[in-house]
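Participant: Give me a model of this one.
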Amino acid sequence: MRVAIIGQQDFGKATMEAFLKRGDDVAAVFCAPEKGRPDPLRLAAEAAGVKVYQFPKLTDPEAIEAMKAANVQIGVMAFVTQFVPQALCDIPPFGTIQFHPSLLPLHRGASSMSWAIILGRKETGFSIFRPTDGLDEGPVILMKSVPIEDEDTMGMVYFGKIFPMGVAALVEAADMVVAGKGPAIAQYEPNAGYEGIIREAESHINWASHVDITFNLIRGCNPAPGAWTTVDGKKLFLFEATKRIARTFSEVKGKKIGQVVAQNGSSLVIHGQGGFIEVHRARLDGGKKIPAAETGIAIGTILGA
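Facilitator: Numbering: from 1, shown residues only. Below you'll find the predicted structure:
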């Protein structure tokens, strides 16, 4: 088939390469202008001789004309951060399909995987759907689920489970649509939910919250943006961690909420509401990720004070 890829970064790159590997014709790639590091999708597309467009806005008339000129059968959206108007999606004769890493209509929005973990869900997945001008609201073509294990981080769920399955599913869904076999199942709105992007306020640790909540927050923000607390007026980001529930009063007697109560090898143990968080890797603001015990934080320090 003749395809246009709309996306960016490693997921967009892997999706383009999956179509090329099968012998499909990727006629055009639309990716966002770069603000920092080179986009892997752009680099791979240029190396493969694929025409690349980087419009500031995909609503620009030039973007619409570029999609028309590509003369593709189907558009494939793979990790898209720009708004893609319906006018552009409707240009290919078989329309456009989009990947979203949640079981729609649950967790619409850009931080869907993080929220699934933060809220303690045991399952998530991804949906391939028909994009509309409503965010993640179009009819679903294909959906697959993956388990969230007790200590899975967002990185583990995405890179280890959803990423490889999602690339394969975009190819599968494109085949279905072009063959005229792709369903369009309306999302069940009573189950719908939207959450905003995980930023500084959402990733801030409140040590008075139960350790179950704190642990899920750390997992859901690992590797980015990192759940954080403060020490000596500086941000401290926590990454790899485990939790232990307190079973008796004697375990927590004399300990303060947010207090670093022990060092365990290269880890630090922090007392939270209802138990303990053992942090294995951390990063002081402006520094690199290191074993938590190497941050120089003394036993007895109260974090977030």
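Participant: chain center to stretch 171-187: distance?
Facilitator: 24 Å (Cα atoms, centre = their mean, to the nearest Å).
Participant: Now it: buried residues?
Facilitator: Under the neighbour-count criterion of 16 or more other Cβ atoms under 10 Å, stretch 171-187 has Val171, Glu172, Ala173, Ala174, Met176, Val177, Val178, Gly182, Gln187 buried. For glycine as for every other residue, the C-beta is placed from the backbone atoms N, C-alpha and C.
Participant: hmm, who's touching it?
Facilitator: If you take Cβ atoms under 8 Å, 6 or more residues apart in numbering as the criterion, stretch 171-187 is touched by 1, 3, 15, 18-19, 22, 73-74, 76, 94-95, 97, 104-105, 128-130, 137-142.
Participant: From the buried residues of stretch 171-187, which one has the minimum pLDDT?
Facilitator: By pLDDT, Gly182 ranks lowest within these, coming in at 92.
Participant: Tell me if that residue really is in a strand.
Facilitator: No - going by DSSP: H, G, I helix; E, B strand; the rest coil, the assignment for Gly182 is coil, not a strand.
Participant: and the gap between it and Pro105?
Facilitator: 19 Å (Cβ to Cβ, to the nearest Å).
Participant: Quick check, pLDDT for the residue lying farthest from the centre of the chain.
Facilitator: Most distant residue from the mean C-alpha position of the chain: Ser250, 40.0 Å away (Cα atoms, centre = their mean). Per-residue pLDDT puts Ser250 at 97.
Participant: again with Gly36
Facilitator: Reported pLDDT for Gly36: 88.
Participant: need the longest helix for this protein.
Facilitator: Assignment by DSSP state H gives helix 163-178 as the longest helix of the chain.
Participant: and the following helix or strand past it, which residues are buried?
Facilitator: As assigned by DSSP states H and E, the chain's next helix or strand after helix 163-178 is helix 211-220. Residues Val211, Ile213, Thr214, Phe215, Asn216, Leu217, Ile218, Arg219, Gly220 are the ones in helix 211-220 that count as buried (16+ other Cβ under 10 Å).
Participant: Which positions in whatever helix or strand comes next after helix 211-220 come out as buried?
Facilitator: Sequence-wise, the next helix or strand downstream of helix 211-220 (DSSP H and E) is strand 227-231. Going by neighbour count (16+ other Cβ under 10 Å), the buried part of strand 227-231 is Ala227, Trp228, Thr229, Val231.
Participant: Stretch 25-44 now?
Facilitator: Quick answer for stretch 25-44 (16+ other Cβ under 10 Å): Val26, Ala27, Ala28, Val29, Phe30, Cys31, Ala32, Asp39, Pro40, Leu41, Arg42, Ala44.
Participant: Apart from its chain neighbours, what residue comes closest to the second one?
Facilitator: Closest residue in space to Ala27, ignoring its immediate chain neighbours: Ala70 at 4.6 Å, by Cβ to Cβ, 6 or more residues apart in numbering.
Participant: which residues pair with Ala241 across the strands?
Facilitator: Val279 (DSSP bridges).
Participant: Kindly state the pLDDT recorded for it?
Facilitator: 98.
Participant: ok, it to Pro147 distance?
Facilitator: For Ala241 relative to Pro147 (Cβ to Cβ), the value is 20 Å.
Participant: could you list every residue that touches Ile162?
Facilitator: Contacts of Ile162 (Cβ under 8 Å, 6+ apart): Pro101, Met113, Thr124, Gly125, Phe126, Val146.
Participant: which strand residues sit across from the fifth one in the sheet?
Facilitator: Here Phe126 shows beta-bridge partners Lys144, assigned using DSSP bridges.
Participant: Surely it is in contact with Ala169?
Facilitator: Yes - with contact defined as Cβ atoms under 8 Å, Phe126 reaches Ala169; the gap is 6.8 Å.
Participant: Can you pull the residues that touch both of the two?
Facilitator: With Cβ under 8 Å, 6+ apart as the test, Phe126 and Ala169 both reach Phe99, Lys144.
Participant: For these two, indicate the residue with more neighbours.
Facilitator: Remark: of Phe126 and Ala169, Phe126 carries more neighbours, 26 against 21, as counted by other Cβ atoms under 10 Å.
Participant: Count the residues that sit near Val50.
Facilitator: By other Cβ under 10 Å, neighbour count at Val50 equals 20.
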